[in-house]
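Peer 1: Fold the following for me, if possible:
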Amino acid sequence: MPCLARTAQYVLAGHVSEKTDTFAFGVVLCELLTGKAPADYEQGECLAAVMYGALEATAIVGTLPEMLDTSVNSSGAGGGWQLVKALQLGGLAKRCIDIHVRSRCTVIDIAPDIDALAERLLPTCTSCGEVLPPHATNAFCTFCGHQQ
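Peer 2: So this is what the prediction gives:
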């Protein structure tokens, strides 16, 4: 059964949660890495399934580089992905498309990793240095209670 039909089947059966959204986000990450559509109907392949296999720890260094989109890199210019960034983004994608729903992360779980990959600085408490939720204004630090 094609992957999109399976997705529709889950929706119709009521199996929708934040982890469904996370899976979709992981598919988008796979699309960004490879430049491919989420499903290849001619070959009957689902990009998430192909990428999940390629992102297995034993295969990641050998398989992932040959799957990467060579038309863009992290700066938006031609020439291909920087391998380290691609491996990091691939690791995040794998956590999002985990076939075991209970093990699958949520987008909130990986938000700090995305910020780190994008080299964005996260807001921290001025008293203890603990990382604060993004866009926290006049919030209290959950670690030390200091008002920001």
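
Peer 1: Just checking, which helix or strand succeeds the helix ranked longest in the chain along the chain?
Peer 2: In the chain, assigned by DSSP state H, the helix with the most residues is helix 18-34. The first helix or strand that comes after helix 18-34 along the chain, using DSSP states H and E, is strand 39-40.

Peer 1: and the next element down the chain from that following strand?
Peer 2: As assigned by DSSP H and E, the chain's next helix or strand after strand 39-40 is strand 45-46.

Peer 1: Check which helices and strands the next helix or strand after that following strand sits against.
Peer 2: As assigned by DSSP H and E, the chain's next helix or strand after strand 45-46 is helix 47-54. Helices and strands in packing contact with helix 47-54 are listed as helix 3-12, helix 18-34, helix 60-67, helix 83-96; criterion 3 or more C-beta pairs under 8 Å, 6 or more residues apart in numbering; DSSP states H and E. All C-beta atoms are positioned from the backbone trio N, CA, C, and that covers glycine.

Peer 1: hang on, the earlier thing: which strands and helices sit next to the longest helix of the chain?
Peer 2: Contact here means 3+ C-beta pairs under 8 Å, 6+ apart; on that basis helix 18-34 packs against helix 47-54, helix 60-67, helix 83-96, helix 107-117.
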